[in-house]
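Undergrad: this one's sequence-less:
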DNA sequence: CCCTTGACCAAAC
DNA sequence: GGTTTGGCCAAGG
């Protein structure tokens, strides 16, 4: 069970479809909190880098954010999925934002 | 249990 | 439009 806040973040991120992205803020909001920074921390603690598409998580201002393997690698992955990026910034990222399913209306 | 850290955010300059 | 400041929350030492 989600013992820690991090587990919740991973569960949500794992639901992100290919070609879609989200922001740290969106995740925090989906969890009903404002721990944007805590979400980022969870990513850094991400024990399943190859199972959790954390590279699909970006900042709210459109910046690619950070990545354990480096921003370059993150950008490459996103571009590989069809996300247009320029100068480390997502182009029209708002258009690719993934909507999380709410357990209840 | 107190203090520091962090893949952040929004506003101010 | 890029840089700096303060604020927010959770996890780790």
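TA: Structure's in. What do you need? Computed from a predicted model, the values in this text were never measured in an experiment.
Undergrad: what sits against the closest residue to DNA strand B within chain A?
TA: Nearest residue of chain A to DNA strand B: residue A:66, at 2.1 Å (CB to the nearest atom of the strand). Backbone N, C-alpha and C define where each C-beta goes, glycine included. With contact set as CB atoms under 8 Å, 6 or more residues apart in numbering, residue A:66 has these partners: A:40, A:43, A:44, A:74.
Undergrad: where's the closest residue to the third one other than its chain neighbours, which helix or strand?
TA: Yep, that's residue A:44 we're talking about. Leaving out its chain neighbours, the residue that sits closest to residue A:44 by CB to CB, 6 or more residues apart in numbering is residue A:68, at 7.2 Å. In the assignment (DSSP states H and E), residue A:68 maps to no helix and no strand.
Undergrad: what of the one 4 residues further on?
TA: For residue A:72, the host element (DSSP H and E) is helix A:71-80.
Undergrad: so what touches the following helix or strand past that helix?
TA: Sequence-wise, the next helix or strand downstream of helix A:71-80 (DSSP H and E) is strand A:85-86. With contacts defined as CB under 8 Å, 6+ apart, strand A:85-86 is touched by A:64, A:75, A:78, A:79, A:91.
Undergrad: likewise for stretch A:15-28?
TA: Contacts for stretch A:15-28 (CB under 8 Å, 6+ apart): A:9, A:12-13, A:34-36, A:38-40, A:43, A:53, A:56-60, A:65, A:78, A:81-83, A:90, A:93, A:96-98, A:100-101.
Undergrad: how far does it sit from its chain's centre?
TA: 5 Å (CA atoms, centre = their mean, to the nearest Å).
Undergrad: buried residues in that stretch, which are they?
TA: A:16, A:20, A:21, A:22, A:23, A:24, A:26, A:27, A:28 (16 or more other CB atoms under 10 Å).
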